[in-house]
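1. Fold the following for me, if possible:
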Amino acid sequence: MHLTTTPWAGSFFVPNMLGVFMAYYMIIDAEILDHDKYAQYVAAVTSVVERFGGRYLVRGGEVELFAGDYDGNRQVVIEFESKHQARAFWDSSEYAATKTLREGASRGSALGVEGV
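-> Next up is the predicted model:
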């Protein structure tokens, strides 16, 4: 098994069976409670996400419901190179300082999903 070192913090991640590195996605479902405060959070968090190699794929935008129920929450999808990279972002002191701006501005969920 071949392990590759990433440039951020020397962490390791493993390719899938085909030798392709799987992306890891952070999916956020957020109900915005205070739009002005949330805008401050968005402005501050963008550079932190990018510093950890994250790339926004979805950041709000128009939603079309194909099936089921939709509560109108903001949808955000961030792509990371690996689960370890996403975790490094989430657990970082940089994000800890930034996420205080989110408190009271929104509520919701954040989850991580491996790509294929």
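2. Can I get stretch 25-37 in CSV, CA atoms only?
-> Taking C-alpha atoms only, stretch 25-37 is exported to CSV below (Å, rounded to 0.1, in the frame of the first residue of the first chain):
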residue,chain,number,x,y,z
TYR,A,25,-16.9,16.3,1.2
MET,A,26,-18.1,18.3,4.0
ILE,A,27,-21.8,18.9,3.7
ILE,A,28,-23.4,21.7,5.7
ASP,A,29,-27.2,22.3,6.1
ALA,A,30,-27.6,25.7,7.8
GLU,A,31,-30.7,27.6,8.9
ILE,A,32,-29.6,31.3,8.9
LEU,A,33,-30.9,33.1,12.0
ASP,A,34,-28.9,36.4,11.7
HIS,A,35,-27.9,37.2,8.1
ASP,A,36,-25.5,40.1,9.0
LYS,A,37,-23.6,38.0,11.5
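3. Please spell out which residues along it are buried.
-> Y25, M26, I28, A30, I32, K37 (16 or more other C-beta atoms under 10 Å). Quick note: C-beta positions are derived from backbone N, CA and C, even for glycine.
4. Which of those fall within helices?
-> Members of the buried residues of stretch 25-37 lying in helices (criterion: DSSP state H): K37.
5. ok, so of the buried residues of stretch 25-37, who is nearest S93?
-> M26 (18.1 Å; C-beta to C-beta).
6. Enumerate every residue touching the closest one.
-> M26 makes contacts with G54, V76, V77, I78, F80, A86, F89, W90, A110, L111, G112, as judged by C-beta atoms under 8 Å, 6 or more residues apart in numbering.
7. tell me how far the ends of stretch 45-63 are from each other?
-> One end of stretch 45-63 to the other measures 23 Å (C-alpha to C-alpha, to the nearest Å).
8. distance of R74 from R51?
-> Using C-beta to C-beta, to the nearest Å, one gets 22 Å for the distance from R74 to R51.
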